[in-house]
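Peer 1: starting from these lines, generate the structure:
(2 chains)
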Amino acid sequence: MGEMGKAIGLLLSGTLVYHHCANRNATLLSLLSDVLIVLLSSLAILGLLFRQLNVSVPVDPLEWQISQDTACNIVARLANTVGAAESVLRVAATGHDKRLFVKATLGRIISGVTIAYAGKSIMDLSVTSKMLWRCNWVKQRKKILNTLSFSSVHGQYSLENTAGPRSIASKPLTHDNVYSCLRESPSDLKTLNFFFWCARQNNYFHDDRAFDHMVGVVEKLTREYYSIDRIIEELKVYGCEIKPRVFLLLLEIFWRGHIYDKAIQVYTGMSSFGYVPNTRAMNMMMDVNFKVNLVNGALEIFEGIRFRNFFSFDIALSHFCSRGDLVCVKIVLKRMIGEGFYPNTERFGQILRLCCRTGCVAEAFQVVGLMICSGISVSVNVWSMLVSGFFRSGEPQKAVDLFNKMIQISCFPNLVTYTSLIKGFVDLGMVEEAFTVLSKVQSEGLAPDIVLCNLMIHTFTRLGRFEEARNVFTSLKKRKLVPDQYTFVSILSSLCLSGEFDLVPRITHGIGTDFDLVTGNLLSNCFSKIGYYSYALKVLGIMSNKDLALDCYTYTVYLTALCRGGAPRAAIKMYEIITRENKHLGAHFHSAIIDSLIELGRYNTAIHLFKRCILEKYPLDVVSFTVAIKGLMRAKRIDEACSLCSDMKENGIFPNRRTYRTIISGLCKEKETEKVKKILRECIEEGVELDPNTKFKVFSLLSRYRGDFSEFRSVFEKWKSEFTENMDVSDSDDELFVSVG
DNA sequence: ATAGGGTTAG
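Peer 2: Numbering: from 1, shown residues only, chains lettered A, B, ... in the order given. Purely as a prediction, here's the structure:
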C-alpha cells in the first residue's frame, strides 16, 4: 500500500480504536485529539478509503474489544505516519501514564519518531532505553538488561568472591566468557551446575548460544543417568540448590533440544517438588504437547495457565495454523484480543495465509482489519494472498477487482501477485486471461522466477501442450534458474501424461535422493508406470527411511508396484497391515490394489477384497465399483457385474460414462444382447453420453438383429452421423483427450 | 511458520 493508503488506513483504525477501546482515558483522548487536529482536513478521505479498501474492519465491540495499550500504540503509530509525532513524544515525555507504552509496538513508535526527527537528535539513545525498560516483553527485557549489564554494571564487576568456578573468577560475566567456560568445562554435570549458577546471578540471562550448547550436554547426561530425578540428585551432590529456576532451565534446554519426553519428565518432576509451573513453563509444555500431537493435552495446559501472556496465544495460534485448523485459530485469536494481546506480523501473516489458502476470504478480511488496527501496514504480500484467496473461493471477479483496487491505491503488484492471478485463471479454465497476465509480466520486463516457470510447465501440461512444457523446462538453464521439487513433479507428470516415458530416466538424474513426499510419490509412480517396479520400490524405500509421513498416495503406489512387479502375495499382506493401521485411506487406495490384482488376472482375489471393502464400510467411489465390475466381467461373472451396477446406485454412487463403457463393452464381447439393451436404456434415461468407441460396439452388435433396432432408431441415427464426423477430426484427438482428463 | 507453484486409481 502506498503512503497515502497507509495514512488513511491508520486514520481509519485510529477513530475505530477510540470507539472500541474498553476504557478510554485522558491520555488516549489527548493523543487522539492531537492527531485528529492534524487530520481533520483529511476526514473526507476516510469514507472514500473505507469503500476503496473494501476492508471489513471488525466493528462489533463485543466481538473484538481492543485493549487500552493497543489503542495507544495504534494512535501513536497513526501519529508517526501522518507526521504528528511531536504530539506523541510530548505526551510520552510528560508521562501521564507510561504504562501505556509497552509491548513490541514500542520499538515501532520510537523508530517512527526517530525517523520523523532524523537529524534533530530529539530522541537520543538514553530516552529510548529508558522507555524500553518499561517494555514487558520478556525477550526484549532480557536483551536490554544484558546490554546494560555489559556496558555499565559488569564492566567493573568481577566474580572473585562468588561461588563460581575459578576459571571465570577473574573475568566479567559476559556471554562470551560464559560460553567459553561452558565449552571448556571437563564434566557435563559441572557444566550444568555452572550454567545454573550463572543464571542465578543478578541480571544475567543466558543467550541462545549457551542454551544450544547445553542441549548436547544434557543429552549426554540423560543417557548417563536415565531419569531426571537422578540428574537432580547428582546436582545436589555438587551443591546445586534445587530451586524452581533449575527446573525451568532444564525444561528450556530439553525443549530447545526437541527432547520432548524428558521435557515432560522435568515438568512433572517440578510438580512433585511442590513447585507450581509459571506461565513460561506452561507455554513450553503446551508447545511440547502440540509437537507430540497431543492437542487435547496442549489445550488443557492452555486453559490451566492462570496468567496467559502473548506467547501462550502465539504458540497455540502457530500450531493451529500449521494444522490448518481455522476454527481453533478463530477461537484462540478472539480470546487473545479479548485479553489484550495482538499477534505479531509473522503470525498475522500465517493466519492470513491459512485463511486465503482455504478460500475463507471473509475471515481473511477480518484478519486484515485486525492487522490495520494493530498498526501493521497492508503490504503487497497481503494483497497477493487475498487475490489468490478470492480465486480459491471461486470468485475470480472479486480477485480482479481487488487487483485493480490495489493499483488504484498505488500498491503495485509484483511477480507473486501476477503468479496468483495466472494460477487462479488456469485453475478455473480461463486460459486466455491467464496468458494475458503472462504477457503483462513480460511487457513489464519482469523475469519469471522458478515458481512461475513451474506454474507454466504445469499449465502447458494441463492444456496438453507438452512440447511447450518441455521448452520451459529446458529454458531454465538459460534463465539461470535452478529446478526444485515442484519443477520435477510438474515435468515428470507432463512426461507421464504425454507418454514420453523414455525421457523419464533422463529427468530423474537431476533429482538425486533428496526428495519430499510429493516428489517421491510421483517419482515412484512414474517408475511403476513405465514398468521399472524395482526402481519404484527403491524410491519408496528411500522415502520410508526419510522420516516422511507417508500418505495415501505412497501406499497406493507401493501396493501397485508390488503387485505389478510380480509380488501380489506380498502386496495383499501389506494391504492387510496398512488397512489395519490406517483408518482413513480413501477409495483410491482400495481401488488401486483391486485393479492391480485384476490386471494380473487374479479376479477372484480382487473381487474378494472388494466385497470386504463393502462389508467394512470402507469409502468406495464410482471408480472402485467400475474396477470391480471390470473384474467381474473378466471373470465372466456377468450377472454379478450387472447386479453390482444396480447395487451401486443404492449406495448413492452413480455410474458414469466410464462405468457404462466397462459394463457395455464387456456385455458386447459376450454377445449379451438383452443385457446390453437394458443397460443402454438406463444410460439414455440417466442422460449419460457414451464414448464413440462404446457407441460403435453397441451399434455393431445390435444392428445385426434387425427387429431390435426400432427402440433405439433415433439414437443410432444420431450416433451414425457422429461416426462420420469423428472420422474427419480424428487427427486432432489427443489434445481433447488430455483436457478432458 | 516466513506471499505465489507440484502428485493418485479406471
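Peer 1: low-confidence ranges, the stretch 201-350 of chain A, go.
Peer 2: Along the stretch 201-350 of chain A, no part satisfies pLDDT under 70.
Peer 1: get me the contact residues on it for DNA strand B.
Peer 2: Residues of the stretch 201-350 of chain A lying close to DNA strand B by C-beta under 7 Å from any atom of the strand are A:318, A:321-322, A:346, A:349-350. Any C-beta I mention is one placed from the backbone N, CA and C, and that applies to glycine too.
Peer 1: of those residues, closest to DNA strand B?
Peer 2: If you rank those by distance to DNA strand B using C-beta to the nearest atom of the strand, residue A:346 comes first, at 3.8 Å.
Peer 1: for the closest one, helix, strand, or coil?
Peer 2: Of the three states, residue A:346 takes helix under DSSP: H, G, I helix; E, B strand; the rest coil.
Peer 1: try residue A:550
Peer 2: Counting by three-state DSSP, the backbone at residue A:550 sits in coil.
Peer 1: that one contacts residue A:544, doesn't it?
Peer 2: Yes. Shown here, residue A:550 and residue A:544 form a contact pair, counting by C-beta atoms under 8 Å, at 6.5 Å.
Peer 1: before we move on, back to that, in a markdown table: the residues of the stretch 201-350 of chain A next to DNA strand B, plus distance to residue A:721.
Peer 2: Formatted as a markdown table, these follow (distance: C-beta to C-beta, whole Å):
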| residue | distance to residue A:721 |
| --- | --- |
| A:318 | 63 |
| A:321 | 57 |
| A:322 | 57 |
| A:346 | 63 |
| A:349 | 58 |
| A:350 | 58 |
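Peer 1: any idea how far the closest residue to residue A:414 other than its chain neighbours is from residue A:435?
Peer 2: Excluding the flanking residues, the one nearest residue A:414 by C-beta to C-beta, 6 or more residues apart in numbering is residue A:380, at 5.8 Å. Residue A:380 sits 23 Å away from residue A:435, taking C-beta to C-beta, to the nearest Å as the criterion.
Peer 1: now the spatially closest residue to residue A:641 that is not a sequence neighbour: which helix or strand?
Peer 2: Leaving out its chain neighbours, the residue that sits closest to residue A:641 by C-beta to C-beta, 6+ apart is residue A:632, at 3.8 Å. Using DSSP states H and E, residue A:632 falls within helix A:622-634.
Peer 1: packing partners of that helix?
Peer 2: Counting contacts by 3 or more C-beta pairs under 8 Å, 6 or more residues apart in numbering; DSSP states H and E, the secondary-structure elements packed against helix A:622-634 are helix A:586-599, helix A:603-615, helix A:638-650, helix A:657-669.
Peer 1: how about it and DNA strand B, any contact?
Peer 2: Yes. Counting by C-beta under 7 Å from any atom of the strand, contacts between helix A:622-634 and DNA strand B involve A:622-624, A:626-627, A:630.
Peer 1: could I get the residues you listed as JSON lines with distance to residue A:285?
Peer 2: Below are these laid out as JSON lines (distance: C-beta to C-beta, whole Å):
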{"residue": "A:622", "distance to residue A:285": "47"}
{"residue": "A:623", "distance to residue A:285": "46"}
{"residue": "A:624", "distance to residue A:285": "45"}
{"residue": "A:626", "distance to residue A:285": "51"}
{"residue": "A:627", "distance to residue A:285": "49"}
{"residue": "A:630", "distance to residue A:285": "54"}
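Peer 1: tell me which of the residues you listed is nearest to DNA strand B?
Peer 2: Nearest to DNA strand B out of the residues of helix A:622-634 next to DNA strand B is residue A:623 (C-beta to the nearest atom of the strand; 3.5 Å).
Peer 1: got the contact list for the closest residue to that closest one other than its chain neighbours?
Peer 2: Closest residue to residue A:623 apart from its sequence neighbours, by C-beta to C-beta, 6+ apart: residue A:591 at 5.2 Å. In this structure, residue A:591 makes contact with A:620-621, A:623-624, A:627, judged by C-beta atoms under 8 Å, 6 or more residues apart in numbering.
Peer 1: residue A:695 contacts residue A:719, correct?
Peer 2: Yes. Counting by C-beta under 8 Å, residue A:695 does reach residue A:719; the two are 4.8 Å apart.
Peer 1: tell me which of the two has more neighbours.
Peer 2: residue A:695 (22 against 16; other C-beta atoms under 10 Å).
Peer 1: how about the helix or strand where the more buried one lies, does it get close to DNA strand B?
Peer 2: If you go by DSSP H and E, residue A:695 is part of helix A:692-702. No. Using C-beta under 7 Å from any atom of the strand, helix A:692-702 stays clear of DNA strand B, coming no nearer than 13.4 Å.
Peer 1: give me the helices and strands touching the following helix or strand past that helix, please.
Peer 2: Sequence-wise, the next helix or strand downstream of helix A:692-702 (DSSP H and E) is helix A:713-729. Identification of packing neighbours for helix A:713-729 by 3+ C-beta pairs under 8 Å, 6+ apart yields helix A:692-702.
Peer 1: buried stuff in the helix it packs on?
Peer 2: For helix A:692-702, burial by neighbour count (16 or more other C-beta atoms under 10 Å) applies to A:694-699, A:701-702.
Peer 1: convert the C-alpha atoms of it to PDB, please.
Peer 2: Taking Å, rounded to 0.1, in the frame of the first residue of the first chain, the C-alpha atoms of helix A:692-702 are listed here in PDB:
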ATOM      1  CA  PRO A 692     -17.600 -43.100 -29.600                       C
ATOM      2  CA  ASN A 693     -15.800 -46.500 -29.200                       C
ATOM      3  CA  THR A 694     -18.600 -47.900 -27.000                       C
ATOM      4  CA  LYS A 695     -21.300 -46.500 -29.200                       C
ATOM      5  CA  PHE A 696     -19.700 -48.300 -32.100                       C
ATOM      6  CA  LYS A 697     -19.600 -51.600 -30.300                       C
ATOM      7  CA  VAL A 698     -23.300 -51.300 -29.300                       C
ATOM      8  CA  PHE A 699     -24.300 -50.300 -32.700                       C
ATOM      9  CA  SER A 700     -22.400 -53.200 -34.400                       C
ATOM     10  CA  LEU A 701     -23.900 -55.700 -32.000                       C
ATOM     11  CA  LEU A 702     -27.500 -54.600 -32.100                       C
END
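Peer 1: give me the distance from that helix to the chain's centre.
Peer 2: With C-alpha atoms, centre = their mean, to the nearest Å as the basis, helix A:692-702 stands 49 Å off its chain's centre.
Peer 1: hmm, who's touching that helix?
Peer 2: The contact list for helix A:692-702 (C-beta under 8 Å, 6+ apart) reads A:660-661, A:664-665, A:668, A:671, A:673, A:676-677, A:680, A:690, A:708-709, A:712, A:716, A:719-720, A:722-723, A:726.
Peer 1: what's the average pLDDT for it?
Peer 2: Computed over helix A:692-702, the mean pLDDT rounds to 86.
Peer 1: okay if I get the buried residues of helix A:692-702 as CSV plus distance to residue A:267?
Peer 2: What follows is those, written out as CSV (distance: C-beta to C-beta, whole Å):
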residue, distance to residue A:267
A:694, 66
A:695, 70
A:696, 72
A:697, 70
A:698, 71
A:699, 75
A:701, 75
A:702, 76
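Peer 1: thinking again about what came up before, dump the helix holding residue A:632 to CSV, restricted to CA.
Peer 2: Output of helix A:622-634 as CSV, limited to C-alpha atoms (Å, rounded to 0.1, in the frame of the first residue of the first chain):
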residue,chain,number,x,y,z
VAL,A,622,-17.6,-44.7,-8.6
VAL,A,623,-14.1,-45.8,-9.7
SER,A,624,-14.0,-48.6,-7.2
PHE,A,625,-17.2,-50.0,-8.4
THR,A,626,-16.2,-49.6,-12.0
VAL,A,627,-13.0,-51.6,-11.3
ALA,A,628,-14.9,-54.3,-9.5
ILE,A,629,-17.4,-54.5,-12.5
LYS,A,630,-14.4,-54.9,-14.8
GLY,A,631,-13.1,-57.7,-12.6
LEU,A,632,-16.5,-59.5,-12.6
MET,A,633,-16.7,-59.1,-16.4
ARG,A,634,-13.3,-60.5,-17.0
